[in-house]
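[1] just a sequence and a predicted model for now, questions to come.
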Amino acid sequence: MVGEFQYEIYERIEELEGAEKKLVEAAINTTSQAYAPYSGFKVGASVLLKNGTLVTGQNQENAVYPLGLCAERVALFSAGSQHPTEPIVAMAITTEKQLEANEIPPFPCGSCRQSIVEFESRFKHPIKLFVTGTNGRIFVFDSVKTILPFAFNSDFL
């Protein structure tokens, strides 16, 4: 059946432990470095590599809007450039938006979801995904494929 999927929700960052807590904290901390003078919508992302390295990225806007990059792709491409043979095991995405108690955080756009799927496919390893605001609940998925069903990948080529 299409449309059913599982995920976890943590109410506070303090419920996370170890590398996962550091991953989400890194995404929250890097959000303030986003270059978002046009939208004012700041996004931070961090990726955790299999060797324990954290790589961060922030959205980078441009006066010619299509030339900007989302935080997710900045982090992914930085990791791919700096550590080309190291699989990504987890990714955290956050915005500066203060969330209300039961509010759902903004999720990655379709281009970012597809880019994350490419890294999963490239390394044949799922990327655990953490999505939150700078406060509030943290949504956790075992793979981006959960929020991008029927994803296109290299198997189709």
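    Perfect, I can see it now. Since this is a predicted model, take the numbers as computed values, not measurements.

[2] tell me who's in contact with Asn153.
    Val117, Glu118, Ser121 (C-beta atoms under 8 Å, 6 or more residues apart in numbering). Just so you know, the C-beta spots here come from the backbone N, C-alpha and C atoms, and that holds for glycine as well.

[3] phi, psi of it?
    phi -150, psi -180 (degrees, to the nearest 10).

[4] helix, strand or coil for the residue nearest in space to the middle of the chain?
    Geometric centre of the chain, nearest residue: Ile93, 3.8 Å, by C-alpha atoms, centre = their mean. Secondary structure assignment for Ile93 (DSSP: H, G, I helix; E, B strand; the rest coil): strand.

[5] how distant is stretch 57-70 from the center of its chain?
    16 Å (C-alpha atoms, centre = their mean, to the nearest Å).

[6] wait, stretch 79-95
    Taking mean C-alpha positions (C-alpha atoms, centre = their mean), stretch 79-95 and its chain are 9 Å apart.

[7] how about that stretch, which residues are buried there?
    Neighbour-count burial for stretch 79-95, counted by 16 or more other C-beta atoms under 10 Å, picks out 79-80, 83, 86-95.

[8] now, among these, which is nearest to Glu72?
    Nearest to Glu72, judged by C-beta to C-beta, of these is Ile93 at 5.8 Å.

[9] who's in contact with that closest one?
    Ile93 neighbours (C-beta under 8 Å, 6+ apart): Ala27, Val43, Gly44, Ala45, Ala71, Glu72, Phe107, Pro108, Leu129, Phe130, Val131, Thr132.

[10] shaky segments in this protein?
    Scanning the chain for pLDDT under 70 picks out the ranges 1-4.

[11] now distance to Cys112 too, for the buried residues of stretch 79-95, in CSV please.
    Listed next are the buried residues of stretch 79-95 as CSV, based on distance: C-beta to C-beta, whole Å:
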residue, distance to Cys112
Ala79, 14
Gly80, 14
His83, 19
Glu86, 20
Pro87, 18
Ile88, 13
Val89, 18
Ala90, 15
Met91, 10
Ala92, 13
Ile93, 8
Thr94, 13
Thr95, 13
